[in-house]
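S.K.: A predicted structure for the sequence below; I have some questions about it.
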Amino acid sequence: MTTPAQAARQRERTRVSRLTDIATFCRGDVWSIDTEGGATRIVARRTTGENAVLCTLHAEALPEDIELISGALENVVLFLELRRRAIVALRQGQPITRESGGLREGDFAANAAMLCNEKLFHRFLERRDGSRAIHNKEHADGILKKLLRITSKRQLNTEERAQTAFLDLRADFEVWATGRGK
């Protein structure tokens, strides 16, 4: 069964893959701002030497809007390169991951305790558990332990199954919390 966090990560991977394809196709193109006759346009100079007007911006567009749009290709290329470098760095120096088995390093019990203090995490737990309103960290702690099938948060640092369940729950929370901001 796919968790909401896993589904969200798959959608992200699909989007990154599509952006990579687009950036590869546009490699060598240069986007610039062109103002002619009172109109502001974003123009792509293709590697073939052709110019293509990508869009015309209205007078209401803020300078920040124009900068964001005109720099889109360059920014996508930058972020993809940063992502590539981060992946290389992770592969060269990170501890054992869940995919390869074993416990991750870190104080997950402390992280869980901090989450139990957050009101937004309380709302997430209420929806996940279907329980009544959570008003304090002790109640949140109890629901968290119930959902993870543990008796003590210390198990998050010592038991692989508990740690994996917590990491999945925390990822689901992050996806849920991000979706609330939209």
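M.R.: Looks like it arrived, so ask away. Numbering: from 1, shown residues only.

S.K.: As a check, name the ranges of all helices in this protein.
M.R.: Using DSSP state H, the helices found in the chain span residues 4-25, 63-70, 72-93, 108-116, 119-129, 137-148, 155-158, 160-180.

S.K.: List just the one of those helices that sits closest to residue 39.
M.R.: Residue 39 lies closest, by CB to CB, to one member of the helices of the chain: helix 63-70, at 12.2 Å. Using the backbone N, CA and C atoms, a C-beta is placed for each residue, glycine as well.

S.K.: so how far is residue 167 from residue 111?
M.R.: 10 Å (CB to CB, to the nearest Å).

S.K.: Can you report how many residues lie near the residue nearest to residue 166 when sequence neighbours are not counted?
M.R.: Leaving aside its sequence neighbours, residue 166 sits nearest to residue 156 (CB to CB, 6 or more residues apart in numbering; 5.1 Å). Residue 156 sits with 26 neighbouring residues when counted by other CB atoms under 10 Å.

S.K.: Ok, residue 39 next?
M.R.: 12.

S.K.: which helices and strands does the worst-scoring helix or strand of the chain on mean pLDDT pack with?
M.R.: The weakest-scoring helix or strand in the chain, judged by mean pLDDT, DSSP states H and E, is helix 72-93 (a mean of 81). Helices and strands touching helix 72-93, by 3 or more CB pairs under 8 Å, 6 or more residues apart in numbering; DSSP states H and E, are helix 4-25, strand 30-36.

S.K.: what's the closest of those to residue 87?
M.R.: Taking CB to CB, helix 4-25 is the member of these nearest to residue 87, at 10.9 Å.

S.K.: The closest one: which residues count as buried?
M.R.: Residues of helix 4-25 classed as buried by neighbour count (16 or more other CB atoms under 10 Å): 5, 8, 23.

S.K.: Could you check how far the residue of the chain most remote from its centre is from residue 56?
M.R.: What lies farthest from the middle of the chain is residue 37; by CA atoms, centre = their mean that is 41.3 Å. Per CB to CB, residue 37 is found 11 Å from residue 56.

S.K.: Let me see the domain layout of the chain.
M.R.: Domain segmentation of the chain under automatic domain parsing yields 4-93, 98-180.

S.K.: any idea which of these is most buried?
M.R.: Compared across the domains of the chain, domain 98-180 shows the largest average neighbour count, a mean of 16 (mean count of other CB atoms under 10 Å).

S.K.: what does the average pLDDT come to for that domain?
M.R.: Regarding domain 98-180, the rounded mean pLDDT is 86.
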